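Colleague: requesting a structural model of the entry that follows:
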Amino acid sequence: QAEEKINRFEVDLEVERDADIIVTETITVTAEHQAINRGIFRDLPRYYRYEDGGQDVNLPYDYKVLGVERNGRKEPYETEGVGNAYRIRIGDPDVIIPVGEHTYTISYRVKNEIRYFEDHDEVYWNVTGNYWQFPIEAVIARIELPEGADVLDHTAYVGSYGETGSAYSYRTEGDTHIFETDRPLAAKEGLSIILALEK
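Modeller: Okay, here's the model as predicted:
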């Protein structure tokens, strides 16, 4: 029996000067009518957690979905809060998609995503999330910064929530910074990236 999986997970992240980011995800899946019947869920973090003076603070992310497609055509979707996830429920509940490969494209804006510290600013993004119930064969993330942005440092984490694995490669092409996983990811494993910027 064929395996349901994510064959390729591509993310293009555009950082704007006002600290918003625009994210475009291209997710290619194999559907076998096991868990993927009518579509997929895309679960994004609902809250941003950070420490302030020893206290944990949770702030909600501000998302705006710009568009959702399947195989190049508009696809119906709904959004809802599920625990700590902002869920984009993709697909028509009355339509079963064919078995085989499907490519979903999801675009959304996140308000005020840049983090500010005393000595630098920071782009931090959990590229895939850690909610997927399927393995992911390959992940690539491309981060485009405003012209002239000065990157001080970069890092990424590969693995389950809280793990700091380093199975990734990094390169630049002009103002675009590219992270790519070096191995397939198991269910609930993900890729998170960090770019430290000059203030």
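
Colleague: show me what the residue lying closest to residue 164 once chain neighbours are set aside is bridged to.
Modeller: Leaving out its chain neighbours, the residue that sits closest to residue 164 by CB to CB, 6 or more residues apart in numbering is residue 157, at 4.9 Å. Yep, even glycine has a C-beta here, placed from its N, CA and C like the rest. In this structure, residue 157 bridges to residue 192 when assessed by DSSP bridges.

Colleague: may I ask you to confirm that residue 157 is in contact with residue 181?
Modeller: No - applying CB atoms under 8 Å as the test, residue 157 and residue 181 come out as separate, 11.0 Å apart.

Colleague: next up, the contacts around residue 165.
Modeller: Residue 165 is in contact with 157-159, counting by CB atoms under 8 Å, 6 or more residues apart in numbering.

Colleague: okay, those in a markdown table with pLDDT, distance to residue 166 and neighbour count next?
Modeller: A markdown table is the format used below for those (pLDDT from 0 to 100; distance: CB to CB, whole Å; neighbours: other CB atoms under 10 Å):
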| residue | pLDDT | distance to residue 166 | neighbour count |
| --- | --- | --- | --- |
| 157 | 97 | 8 | 20 |
| 158 | 97 | 7 | 23 |
| 159 | 96 | 9 | 18 |
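
Colleague: of the residues you listed, just say which sits nearest to residue 139.
Modeller: Closest to residue 139 out of these is residue 158 (8.5 Å), distances taken as CB to CB.

Colleague: separation between that closest one and residue 48?
Modeller: As judged by CB to CB, to the nearest Å, residue 158 and residue 48 stand 21 Å apart.

Colleague: isn't residue 100 right up against residue 29?
Modeller: No - with contact defined as CB under 8 Å, residue 100 does not count as touching residue 29 (9.6 Å).
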